[in-house]
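Q: with the sequence up front, the predicted model follows.
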Amino acid sequence: MKFSELVRKLERNGFKLVKEKGSIRYYAKEGNDKLIRIDYHGSKEVPTGTCNAILKAAGLKKGGK
């Protein structure tokens with residue numbers, strides 16, 4: 001998955017960009033007290049472990065394998 005696709009997935013699920021500093025973006029969703037941090041790199045592929053960790057933190061992926 002590319003960084004841009006990951007961001008679109010977060011935005012489709014109610015997350016909004018709340019803070020940006022350089023290439024680091026923070027997304028938040030009402031009702032979710034965690035900020036989701038993404039080191040945004042556009043069309044580059046997100047490493048699998050990083051992608052899974054971001055989706056899990058956002059509540060879009062179940063824990064485990």
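A: Okay, I see it. Numbers count the residues shown, from 1 in each chain.
Q: list the contacts for residue 39?
A: With contact taken as Cβ atoms under 8 Å, 6 or more residues apart in numbering, residue 39 is in contact with 23-24. C-beta here means a position set from N, CA and C on the backbone, and glycine is covered the same way.
Q: is it in a bridge, and if so with what?
A: When bridges are called by DSSP bridges, residue 39 pairs up with residue 24.
Q: flag the shaky bits of this structure, pLDDT-wise.
A: Within the chain, the ranges that satisfy pLDDT under 70 run 63-65.
Q: name the SS class of the residue with the shortest distance to the centre of the chain, please.
A: The chain has residue 54 as the residue nearest its centroid, 5.0 Å off, counting by Cα atoms, centre = their mean. Here residue 54 is recorded as helix under DSSP: H, G, I helix; E, B strand; the rest coil.
Q: measure it to residue 22 for me?
A: Using Cβ to Cβ, to the nearest Å, residue 54 is found at 18 Å from residue 22.
Q: give me the phi and psi for residue 19.
A: Backbone torsions for residue 19, taken as degrees, to the nearest 10, come to phi -160, psi 140.
Q: now it, nearest residue through space, not along the chain?
A: Residue nearest to residue 19 in three dimensions, not counting chain neighbours: residue 26, with 4.1 Å by Cβ to Cβ, 6 or more residues apart in numbering.
Q: same question for residue 52.
A: Take residue 52 and drop its neighbours on the chain: the residue closest to it by Cβ to Cβ, 6+ apart is residue 61, 6.3 Å away.
Q: equivalent analysis for residue 14, please.
A: For residue 14, the nearest residue in space outside its immediate sequence neighbours is residue 29; the separation is 4.8 Å by Cβ to Cβ, 6+ apart.
Q: give the contact list for that neighbour.
A: 13-16, 58.
Q: coming back round to it: in a helix, that's where the residue nearest to residue 52 is, yeah?
A: No: residue assignment for residue 61, taken from three-state DSSP, gives coil, which places it outside any helix.
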